[in-house]
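**Student:** Dropping a prediction and its sequence here:
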Amino acid sequence: MAVERLGTILKHLSPGSPLSTITSKNADDIVITLAIRTPLAKAKKGGFKDTTLEYLTYAILKEVKERSNLDPALVEDIAMGNVSDGKAAYKLRAAALAAGFPNTAGAYSLNRFCSSGLKAVADIANSISTGNIDVGIALGAESMSIGGDALEQPFDAEVTKHSQESIDCMEPMGWTSENVSRDFGITREKMDEYAAESFQRAERAQKAGLFDEEIVPIKTRVKDANGEWKEVTLTKDEGIRPGTTAQGLGKIRSAFPQWGPTTTGGNASQVTDGAAAVLLMKRSTAIKLGQPILAKYVGSTVAGLPPRIMGIGPAVAIPKLLGKYGLTLSDIDVIEINEAFASMAVYCRDKLGLEWTKMNPRGGAIALGHPLGATGARQIVTGLAECRKNGKKILLTSMCIGTGMGMAGLFVNEQ
């Protein structure tokens, strides 16, 4: 381990190397000065089941304002990733104003499915880089208790008749998981083994208090079985199942028997409510304002692939992103992949040859949950916390995207 660590340090220090380029500190770097998230709660039955999207958004924006000690008048734009709520832009604007950000700050929502949180970060970073704004907030928020991503009706046949892949865009996500499992020989046993490890890592992390640094407590109200309202404060992720084993997961029935036998409620991501937020600005601005610099945003990219196997999106997005910066996977210290389904996680791990110890070291969406619009931001919060805890430098995040895409983001921890 010591030799390996020394080799990594030397690569970081080598002048002119891709690593030295991305880890260099320049005034125009886009940096993260705050990265927080809410607890992740079980949709429809957990602590946020009666919490509206606007309240969830308000609560985390209020935390951003208070924890950053930044004059809210300096925030010029707020971008929120959200998948299931067509009125998200209205709700974000109202939440931002209620949280204490003045009406001079813009606000908008965006939807690129499960990458929406990362896309929000990229949007704000690009706006800062081009000089459109100086300070911005990127967040992702999702109430899956209220919404979801299922299609209400088929697409217009006059469109889909021209392309089988156009038709495939309507396939439910569970169907695409079974396609990946079947096409690439990902067995139920491999999927359950992967899922069990995700649960066990998350359980260890929670017991060790590792998530406490990431999570901001959220006060909200819950209606009990008698219809009575009570105030609660959420502080812990709810989806982690202590004592989970591959053998136990093997007893769970298939969730989508009409499409295949391998995907279950135990080896797929959980339906979840939650939010995460990231505060961004240039390095020069952070220094001027006395803001702590947590990390540097290096860049991100998106890549497409057949819609019917959308889950393997990280397997095309990650090589594309690394290629843009001349990096290899050996340069990466921590990798966060979304775990929409164990089928895609196993495929991406094995296809790319990812070191499993580097991949989702605190567990992923199978154990923690997958609030669709929030996951892309949540991965950044979790990944940077892991880097800080263990003295790691380079964070790579990636996720699959419904309809056949993948996205990946690259960050440098500076704490």
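**Tutor:** Arrived safely. Everything numeric here is computed off the predicted structure, so don't read it as measured data. Residues are numbered from 1 along each chain as shown.
**Student:** residues in contact with stretch 156-163?
**Tutor:** Defining contact as Cβ atoms under 8 Å, 6 or more residues apart in numbering, one finds that stretch 156-163 is touched by 154, 166-167, 170. (C-beta placed from N, C-alpha, C; glycine too.)
**Student:** Make a PyMOL selection of the buried ones in these.
**Tutor:** Selection of the buried residues among these in PyMOL, burial being defined by 16 or more other Cβ atoms under 10 Å:
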select buried, resi 167
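**Student:** Between all of the contacts of stretch 156-163, which two are separated the most?
**Tutor:** Pro154 and Ser166 (11.2 Å; Cβ to Cβ).
**Student:** For Ile60, pull up the helix or strand it's in.
**Tutor:** Element membership for Ile60 (DSSP states H and E) is helix 53-68.
**Student:** That should have said Pro371, apologies.
**Tutor:** Pro371 belongs to no helix or strand, assigned by DSSP H and E.
**Student:** just checking, it touches Leu40?
**Tutor:** Yes - in this structure, Pro371 is within contact of Leu40 by Cβ atoms under 8 Å, at 6.5 Å.
**Student:** got any residues that touch both of these two?
**Tutor:** 272-274, 378.
**Student:** Looking at those, which are in helices?
**Tutor:** Arg378 (DSSP state H).
**Student:** now, the most widely separated pair of the shared contacts of Pro371 and Leu40?
**Tutor:** Among those, Asp273 and Arg378 lie farthest apart (Cβ to Cβ), at 12.0 Å.
**Student:** Now do the shared contacts for the two.
**Tutor:** Counting by Cβ under 8 Å, 6+ apart, the residues touching both Asp273 and Arg378 are 40, 371.
**Student:** For the helix ranked longest in the chain, give the mean pLDDT please.
**Tutor:** Secondary structure assigned by DSSP H gives helix 188-207 as the longest helix of the chain. Per-residue pLDDT over helix 188-207 has a mean of 98.
**Student:** got the buried residues for the following helix or strand past it?
**Tutor:** Proceeding N to C from helix 188-207, the next assigned helix or strand is strand 218-223, under DSSP H and E. For strand 218-223, the neighbour count (16+ other Cβ under 10 Å) marks 218, 220, 222 as buried.
**Student:** what sits up against strand 218-223?
**Tutor:** 38-39, 47-51, 55-56, 59-60, 229-234.
**Student:** Pull out the buried members of the residues you listed.
**Tutor:** The buried subset of the contacts of strand 218-223 (16+ other Cβ under 10 Å) comprises 38-39, 47-51, 55-56, 59-60, 234.
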